[in-house]
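# Okay, here's the prediction I keep looking at, along with the sequence it came from:
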Amino acid sequence: MSLATWIQPPFGPVQFWTLVVLSGLGTWMLRASFIQLAGAFQVPRWLSRALRYVPPAVLAALVVPALVQADALFTPAWDWTRPAAGAVAVAVAALTRRVILTLVVGMAALWTFSALGW
């Protein structure tokens, strides 16, 4: 008995690609609606102030787990190189306020710490 007889797709290729195209169209329409309706409504001042904190919060939510997590498989082995490189990048960001420099120095620190392998 082959594996193909055990695993049957829930739908055919036409249904699959129809679902992919419709999903893409739906997400595009959702994003386009915010752009098209941007000038039609006045955003309350309190909401506008609150929305300024969304990009840093999203960036922190993406970066912090990558710094403190041991690896992609969540093994308990601790690796100090990523938190140390993150600390270097935070220091560069605080001192210079330059994004590209922060990325370059942070990656250089990560590669250097990984090469040292202390």
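Okay, I see it. For clarity, every value in this text was computed on a predicted model and none was experimentally measured.
# Can you give me the neighbour number for the closest residue to Val68 other than its chain neighbours?
Of all residues not flanking Val68 in the chain, Pro83 sits nearest, at 6.3 Å (CB to CB, 6 or more residues apart in numbering). (Each C-beta comes from the backbone N, C-alpha and C, glycine too.) Pro83: 14 surrounding residues under other CB atoms under 10 Å.
# Specify the next element, helix or strand, located C-terminal of the host helix or strand of Pro83.
Following DSSP states H and E, one finds Pro83 within helix 81-96. Per DSSP H and E, the first helix or strand lying C-terminal to helix 81-96 is helix 99-116.
# just checking, what packs against that following helix?
Judged by 3 or more CB pairs under 8 Å, 6 or more residues apart in numbering; DSSP states H and E, helix 99-116 is in contact with helix 81-96.
# So which bits of the helix it packs on are buried?
81-82, 84-86, 88-89, 92-93 (16 or more other CB atoms under 10 Å).
# what's the closest of these to Val20?
Arg82 (35.0 Å; CB to CB).
# Skipping adjacent residues, who's closest to that closest one in space?
Using CB to CB, 6+ apart and skipping residues adjacent in sequence, the residue nearest Arg82 is Leu67, 4.9 Å away.
# Just give me the longest helix of this structure.
Ranked by residue count under DSSP state H, the longest helix found in the chain is helix 13-36.
# Not counting that helix itself, show me its contacts.
9, 11 (CB atoms under 8 Å, 6 or more residues apart in numbering).
# Secondary structure element holding Ala60?
Per DSSP H and E, the secondary structure element for Ala60 is helix 54-68.
# And the residue nearest the centre of the chain?
Nearest to the mean C-alpha position of the chain, by CA atoms, centre = their mean, lies Leu62 at 4.8 Å.
# That one and Ser114: what is the separation?
Per CB to CB, to the nearest Å, Leu62 is found 20 Å from Ser114.
# With Ala93 instead?
In terms of CB to CB, Ala93 sits 21 Å off from Ser114.
# Any stretches of this structure with poor pLDDT?
1-6, 70-77, 118 (pLDDT under 70).
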